[in-house]
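Colleague: starting from these lines, generate the structure:
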Amino acid sequence: MSQAGAHPPLSASISSRAAATAAASPSIDSLPLYLRRHVSLGFNQDDVTALLSSIDSSQARNAPLQRTTTATTTTSAARPALAQLPAELLLQIVEHVPVDYLLDWRLVCRGFRDAIDGQVLYHCLRRTRLLGYMGSRHSRAMESLDDDEDYAAIHLLEARFERIETGASASGDDDDDDNDQATGRPIWSGSHAVFRVDDEWYRQFHRVGGAQDRQGNTIDDADARWSRTLDRLELRRPEEGFGTLRWCIRLDHAVLDLDFPAEADRLHFDVRVNLATRCVRVAWRDMLVRFLKTERALRLMLDEKRTHQRFTFSHAEDCLRDLRRKRLAAALSPHSKVDRHIRWSLRLLHPLFGCPPNEHTMTLENVENDAVHMLLLLRRAASLSAAQVDYLHALARDYRAMEAQLRRLDDAYAEFKSYLTVPGFQMNILLPAMVTNAGHVPRDPVAWTDELREKIECQVERWRGQRDAVEQVGEILEASNEAMGVPDDSFDELGSEF
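Modeller: You can find the predicted model right below:
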């Protein structure tokens, strides 16, 4: 924050803008356009006026001593004294602005602009996660997995921020931070950032991918069926469908595609993925600015469509699909025949916002459905707090324990019933429908809808109160089955005279 104090006082235009905003009508629509864009930040007019006044007062200098007493008295009477807020405190507030409002706050004043372009954007970079997506459960590489646990272990890989490359670090010098301090450059002066993929994904993929069976130590030792997926993760092979989700960005509560589309020949900024070295190198400033612009556009679209009466899927899903289609269409070239065909295919996708569907079925619909469903799931997970996520996972563990216990009880009772061959006598244990349909319940509790979560909470709560009784009944049935399972002639050769 040392740089914030070095800024000169704000220009007179900021002060006049604050005065004009304070004197304006309570309706923002009555303001001129050049003022309206600065106050439409998601807050009311009084909040913006107070903020601008605080900035102006915190950076104002003492009045010259040459002013007359009359002028000083007149100024004091016309303009009451404001609290002198330090610029560092104001910039700390900017650090906590939601990411979808950050670009709007950048328009407030020059001090905010310089801070957001520097340390605020750098702090956003430190919180950024890059997520690689290997494909849906029904993709070619994933459909051959034995169970859903293996898919859950490897279908997402997460890369965390490690460092910003400078000229020294790019050339292999480990003392790049000292060089930055010696030259007086800020730590965010480098153009590229390095993210490192978590080791846990490599351990799981080493087991699932087949390298462990071959006693291999590198990712290249995996089965050949993974080669296409790994090449697409490294952006070395084109996708089968335009707009396929391969890499996405997670920053606080927001999750979006890394780029539209994330293909080597169509990227808008430099991205290099090397799974062998476990590194992702990216032009971080261009990446974050495009991400913030897209997230802001999504927020504005959500607000605009909030009063809409009809939706094809849902409010959030329709807006996300519409935004992705616009961004993907903007990346197409009108001079390419292939791109013109893709643009035509995008127009034939399922209409949004309650429009009647067409009779065309495009291959891009499956690509869009998979991408949007994964993005919505990741955005939902990012919006939850740590306590909420822990609660959902604890509820999922109890639900799986309930399911396993009731299924064991059902199997024991089925065996017990097999020993009772009374004609016309039927007995059944009516298992809860939630357990009967357990195969349709998503394994990830974050993907549960609110209705499904409430039903599971009700079932688990009842099971917790009856767990001991269910366990006792199961023990009785197992003991009875063990006793009735003894053959009739099992005591004939005991050597006893009785």
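Colleague: residues near Glu239, how many?
Modeller: 15 (other Cβ atoms under 10 Å). All C-beta spots, glycine's among them, are computed from the backbone N, C-alpha and C.
Colleague: repeat for Ala483
Modeller: Ala483 has 9 nearby residues by other Cβ under 10 Å.
Colleague: secondary structure element for it?
Modeller: For Ala483, the element it lies in under DSSP states H and E is helix 450-484.
Colleague: what pLDDT, on average, does that helix get?
Modeller: On average, the pLDDT along helix 450-484 is 89.
Colleague: can you list contacts of stretch 337-346?
Modeller: 242, 325, 328-329, 332-334, 362-364 (Cβ atoms under 8 Å, 6 or more residues apart in numbering).
Colleague: pLDDT check: weakest of those residues?
Modeller: Within the contacts of stretch 337-346, lowest confidence goes to Met362 (72).
Colleague: what about that residue, distance to Gly243?
Modeller: According to Cβ to Cβ, to the nearest Å, Met362 and Gly243 sit 11 Å apart.
Colleague: okay, now the unreliable bits of the stretch 251-400 of the chain?
Modeller: 360-361 (pLDDT under 70).
Colleague: what segments of it are strands?
Modeller: 254-257, 271-274, 279-283 (DSSP state E, counting those that start in this stretch).
Colleague: now these in CSV, with mean neighbour count?
Modeller: Below are those laid out as CSV (neighbours: other Cβ atoms under 10 Å):
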stretch, mean neighbour count
strand 254-257, 23
strand 271-274, 18
strand 279-283, 21
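Colleague: tabulate the ones you listed (JSON lines), appending distance to Phe313.
Modeller: Listed next are the strands of the stretch 251-400 of the chain as JSON lines, based on distance: least, Cβ to Cβ, whole Å:
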{"stretch": "strand 254-257", "distance to Phe313": "17"}
{"stretch": "strand 271-274", "distance to Phe313": "30"}
{"stretch": "strand 279-283", "distance to Phe313": "31"}
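Colleague: Glu368: which of these is closest?
Modeller: Of all the strands of the stretch 251-400 of the chain, it is strand 254-257 that lies closest to Glu368, at 11.7 Å by Cβ to Cβ.
Colleague: quick one: contacts of stretch 239-246?
Modeller: The contact list for stretch 239-246, computed with Cβ under 8 Å, 6+ apart, reads 132-133, 232-233, 235, 257-258, 260-263, 324, 328, 342, 345-346, 363-364, 366-368, 370-371, 374-375.
Colleague: isn't Gly118 right up against Arg185?
Modeller: No. In this structure Gly118 lies outside contact range of Arg185 using Cβ atoms under 8 Å: 11.3 Å.
Colleague: I figured Ser355 hits Phe313, correct?
Modeller: Quick fix: residue 355 is Cys, not Ser. No. Cys355 is not in contact with Phe313 according to Cβ under 8 Å; the separation is 11.9 Å.
Colleague: quick one on the thing from earlier: and Gly118 and Arg185? which has more neighbours close in?
Modeller: Gly118 (17 against 12).
Colleague: for Ser385, give its distance to Leu298.
Modeller: From Ser385 over to Leu298 (counting by Cβ to Cβ), the distance is 21 Å.
Colleague: same question for Arg127.
Modeller: Taking Cβ to Cβ, one finds Arg127 at 19 Å from Leu298.
Colleague: the more surrounded of these two?
Modeller: It is Leu298, of Arg127 and Leu298, that has more neighbours when counted by other Cβ under 10 Å, with 20 against 12.
Colleague: so who does the residue nearest to Leu298 when sequence neighbours are not counted touch?
Modeller: The shortest distance from Leu298 to any non-neighbouring residue, by Cβ to Cβ, 6 or more residues apart in numbering, is to Leu323 (5.3 Å). Residues in contact with Leu323 (Cβ under 8 Å, 6+ apart) are 294, 297-298, 301.
Colleague: and for Ala262?
Modeller: Contacts for Ala262 (Cβ under 8 Å, 6+ apart) come out as 235, 245-247, 271.
Colleague: same deal with Arg310?
Modeller: Counting by Cβ under 8 Å, 6+ apart, Arg310 touches 353-354.
Colleague: and what of the one 10 residues further on?
Modeller: With contacts defined as Cβ under 8 Å, 6+ apart, Leu320 is in contact with 298, 372, 375-376.
Colleague: what of Ile116?
Modeller: With Cβ under 8 Å, 6+ apart, Ile116 has these contacts: 94, 102, 105-106.
Colleague: do the same with Arg325
Modeller: Taking Cβ under 8 Å, 6+ apart as the contact definition, Arg325 lies against 346, 349, 368.
Colleague: what sits up against stretch 391-401?
Modeller: 384, 441, 443, 445-446, 448, 453, 456-457, 459-460, 463-464.
Colleague: if we go by neighbour counts, what in that stretch is buried?
Modeller: 392, 395-396, 398-399 (16 or more other Cβ atoms under 10 Å).
Colleague: swap in stretch 364-383?
Modeller: Quick answer for stretch 364-383 (16+ other Cβ under 10 Å): 364, 367-368, 370-372, 374-376, 378-379, 381.
Colleague: now stretch 329-345
Modeller: 331-332, 339, 342-343, 345.
Colleague: buried residues, the helix holding Ala483. List them.
Modeller: Going by 16+ other Cβ under 10 Å, helix 450-484 has these buried residues: 455-456, 459-460, 463, 474, 477-478, 481.
Colleague: what of stretch 185-199?
Modeller: Residues of stretch 185-199 classed as buried: 188, 190-197 (neighbour count, 16+ other Cβ under 10 Å).
Colleague: span of it from start to end?
Modeller: Chord length of stretch 185-199, first to last residue, is 32 Å (Cα to Cα, to the nearest Å).
Colleague: how about stretch 243-259?
Modeller: 10 Å.
Colleague: try stretch 253-267
Modeller: End-to-end span of stretch 253-267 (Cα to Cα): 24 Å.
Colleague: take the contacts of Ile116 and keep only those in strands.
Modeller: Cross-referencing the contacts of Ile116 against strands under DSSP state E gives no overlap.
Colleague: between these, which has the most around it?
Modeller: Trp105 (21 neighbours).
Colleague: from Ser383, how far off is that one?
Modeller: To Ser383, Trp105 is 21 Å away according to Cβ to Cβ.
Colleague: same deal with Asp398?
Modeller: From Asp398 over to Ser383 the distance is 23 Å, taken as Cβ to Cβ.
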